[in-house]
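Asks: A structural model of the following input is requested.
(2 chains)
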Amino acid sequence: MGIGATLLNILILMQVSIQGDLRTRAHVRYGGKDSTAFTWFSTRASLSFVPVTSERLETKLGMTVKTNGYPFLTNASDLSDASKLEPVSFMLDEVFVRVYDILPGLNLTAGRQKVHWGTADAVNPTDNFTTPDYSDPLVWDERRPVWMVYLGYMPVGDFGIELGAKPIFEPAVATAPEWFSVAVLPDIEQLRNGLIQEFIRQGLDSLTARQIAAAYTITVNEDIKLPSRNVRDITWGGRLKGHRGNFDFALSFLRGYDFLPAVQPVTNIDVMEQRLDFVLKQWFPEKKVVGAELAGNLFGVGFWAEAAYAFYEDTLVKDEPSVICGFDYAVAGFYFNLQYLHGDFPLARLQKERVKDFILGAVERKLFTDRVLTRLGGVVDLKKGSFGLVPLIRFQPVGGFEIDLGGMVFSGGNGSAFAPLNKVDELFFGVRYRF
Amino acid sequence: MGKIKRIMLLLGGLFIGVYGMSAQEVLNRLRNSTTAQDRRVKAVMRITDKSKRVQERTLRMVMKGDKKMLVTFISPAELRGVSFLTTAPENMWVYLPAQGRVRRISGSAADQSFGGSDFSYKEMASISFGTSVASGEADEVELNGVKAYLITLEQDGERSRLWVEMERFLPLRLEKIARDGRVVKCIVFADFQKANEVWIPRTVRLDNLARGTITELKLLDVEIDVGIKDTYFTEENMKKGA
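Replies: Take a look at the predicted model:
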């Protein structure tokens, strides 16, 4: 009997519940210069093992195997390298032990887990424990689980406190380069041209400036630093939450880091050595975030608001507020969801000058006794009017199985939030099965 | 049943014999006969669509009185671990395990489908009539050969008609009425079983006349008065599930 079969038998004997989630999706870009290119191809299989333990103990072991885009060959010998022909990554999902009612109402979770703070949809400025995963362009609020210790205490039904500590910082997963990337580093020719312009500005004629610049040795490097792994550098925070009447509210504080790096270009010119060294310094700014949340019901309309103020320890990064508020409403079979955001929207971070004001919205309608979901989601940059739209039709022929057909359309002029994505117009097809 | 409660019911009965019953009195008697201190239930929900396709959901429910309820889906896979909590008519939340998130259900979102069934969140929250208000007099009628009271209920501006069995004060049939007077949903309660002096309907069938679909909730295992505390109904316990 093979090891796999033995393991499976052990899991069955232990009454381990196995949950699976299989997903595959392909995008075809039909707009712009990459017309008809496959820009996104992803297949992932997630398995979770949930052993039946006791009423007061919960354990979970989750893992995902996913393909990483396309075969990547640099020479013929790579043809014998399976990791280049079929690039696959293995990731740990939620892996934790949770103990319920250590004291009445006190739960402790240790391990890789997802903790969610915030009342808004898609963007949560108060949610700073779990790592954002921007790799999938369709999913704007995906989060990776992180290793942490988490205490939730609700001794009475109306009020509670949550405390968490995350020893190791894990940065955000960036947009997949196959789908979209922006050049963060200048190339050598750009720097040489800059050097020529500098010499001309200092009074040299164009020909001499070019001759001198041509003699320069130019280097381009990146210097990226993660926060150190000292006890004093851990991410930690707490949240007081409660509800009264029609309202939920929460106040939170977190000491942590930005999930995306701050950048500072540093250029050193050594005239004697005729040398230009360009270094792009990148680091994850330390911050303290004070957050407030509210959700409730006014005149039959559900609403929410969430605000966070980030105080940076770093003099190079400005303190900044983020606010998101919105409402949802269901009428005549339609579901509407509309939000205003003052803060960062994930895909708009590709732009150098970050736009801060957006409207996010979605309209949904289920048809054929809920077997078909039609949805139109979108985001508009309020400053320049650039926008992204994501129409979707989801068909569920049998329970657990979904077929997705949809598109993505972006439009934006120079300086707008979605300018880098202008003409990123795509159709996508995907299937998903959960068991 | 306590001595005082028996005396009150007896006096109430004498009063009714002379003057007839108000709809609210019938509703109160119904609550007395069907509401346990608490109950823990495993149930199967079968949803039949217009083309007779059947979907099944398994769920666990914990209830205290007629207002507090925590429901957790065990199957199907796409709903596994999703929990619904209600502690009062205006307080409903859903826990989404994939995001580790608790979301308040408020406003018109409370009218949306509960787990793809014909029950809305609001209807699930008031399945024990804990939040209903009756008005007017109770009419004495017959329903399928059974003597019953017919009363009118109001909740958040919505009107329903409820048939209550006269002998044991059990709910028989509830019709939800739209503004134009049409019956849009019909709920039938059946297979009553008595446990600890409380009558529990083992089958609740909802006919969604507007959509032509049916949802049937069958209670499999029912435990009554197991000592559930009020503090059980918290956000933290939604992660654990019912």
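Asks: use CA for all of it now, contacts and neighbours both
Replies: Noted.
Asks: ok, now how distant is residue A:52 from residue A:320?
Replies: Taking Cα to Cα, to the nearest Å as the measure, residue A:52 and residue A:320 are separated by 46 Å.
Asks: what do you get for residue A:258?
Replies: If you measure residue A:258 against residue A:320 using Cα to Cα, the figure is 12 Å.
Asks: Would you mind telling me which of these two has more residues around it?
Replies: Taking other Cα atoms under 10 Å in any protein chain shown, residue A:258 and residue A:320 do not tie; residue A:258 has more neighbours (19 against 12).
Asks: residues contacting the more buried one?
Replies: Residue A:258 makes contact with A:284-287 under the criterion Cα atoms under 8 Å, 6 or more residues apart in numbering or on different chains.
Asks: ditto for residue B:198
Replies: When the contact criterion is Cα under 8 Å, 6+ apart, the partners of residue B:198 are B:32-36.
Asks: again with residue A:24
Replies: Applying Cα under 8 Å, 6+ apart, the residues near residue A:24 are A:41-44, A:430-432.
Asks: next one: residue B:171
Replies: B:30, B:162-165, B:189.
Asks: From the residues you listed, list the buried ones, please.
Replies: B:30, B:162-165, B:189 (16 or more other Cα atoms under 10 Å in any protein chain shown).
Asks: Distance of the closest residue to chain A within chain B relative to residue A:360?
Replies: Of chain B, the residue with the smallest distance to chain A, taken as Cα to the nearest Cα, is residue B:107 at 4.0 Å. Distance, residue B:107 to residue A:360, using Cα to Cα: 20 Å.
Asks: So the residue most central in space within chain B: helix, strand or coil?
Replies: In chain B, the C-alpha closest to the average C-alpha coordinate belongs to residue B:127, at a distance of 1.3 Å (Cα atoms, centre = their mean). Judged by DSSP: H, G, I helix; E, B strand; the rest coil, the three-state class of residue B:127 is coil.
Asks: Let me see the confidence value for it.
Replies: The model reports residue B:127 with a pLDDT of 82.
Asks: For residue 178, give me phi and psi.
Replies: Since no chain was named, I'll use chain A. phi -60, psi -30 (degrees, to the nearest 10).
Asks: before we move on, back to that, and the contacts of residue B:198 as TSV, adding neighbour count and distance to residue A:347?
Replies: As requested, those are arranged in TSV below (neighbours: other Cα atoms under 10 Å in any protein chain shown; distance: Cα to Cα, whole Å):
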residue	neighbour count	distance to residue A:347
B:32	17	57
B:33	18	57
B:34	23	54
B:35	22	52
B:36	22	52
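Asks: Just grab the bridge partners of residue A:257 for me.
Replies: Here residue A:257 sits in beta bridges with residue A:286, as judged by DSSP bridges.
Asks: Check the contact between it and residue A:285; I expect there is one.
Replies: Yes: under the criterion of Cα atoms under 8 Å, residue A:257 is in contact with residue A:285, at a separation of 5.5 Å.
Asks: more crowded one of these two?
Replies: For residue A:257 versus residue A:285, the count of surrounding residues by other Cα under 10 Å is larger for residue A:257: 27 against 21.
Asks: which residues does the more buried one contact?
Replies: With contacts taken as Cα under 8 Å, 6+ apart, residue A:257 has the following neighbours: A:169, A:235, A:284-287.
Asks: let's go with 10 Å and repeat that
Replies: Contact criterion Cα atoms under 10 Å, 6 or more residues apart in numbering or on different chains gives A:128-129, A:169-171, A:226-227, A:233-235, A:283-289, A:310, A:312-313 as the residues in contact with residue A:257.
Asks: And the pLDDT at it?
Replies: 96.
Asks: pLDDT weak spots in chain B?
Replies: For chain B, residues meeting the criterion pLDDT under 70 lie at B:1-19.
Asks: And the helices in it, which stretches?
Replies: Taking DSSP state H as the criterion, chain B contains helices spanning B:3-19, B:23-34, B:121-125, B:235-240.
Asks: Centre of the chain to the second one, how far?
Replies: Centroid displacement of helix B:23-34 relative to its chain, using Cα atoms, centre = their mean, to the nearest Å, is 13 Å.
Asks: before we move on, what about the shortest one?
Replies: The chain centroid and the centroid of helix B:121-125 are separated by 8 Å under Cα atoms, centre = their mean.
Asks: Contacts for it, please.
Replies: B:66-71, B:84-94, B:105-106, B:108-115, B:119, B:127, B:129, B:131, B:155.
Asks: Please indicate which of those residues are buried?
Replies: Among those, those scoring as buried are B:66-71, B:84-94, B:105-106, B:108-115, B:119, B:127, B:129, B:131 (criterion: 16+ other Cα under 10 Å).
Asks: Strands - which of the residues you listed land there?
Replies: In this view, the buried ones among the contacts of helix B:121-125 that belong to strands under DSSP state E are B:68-71, B:84-88, B:91-94.
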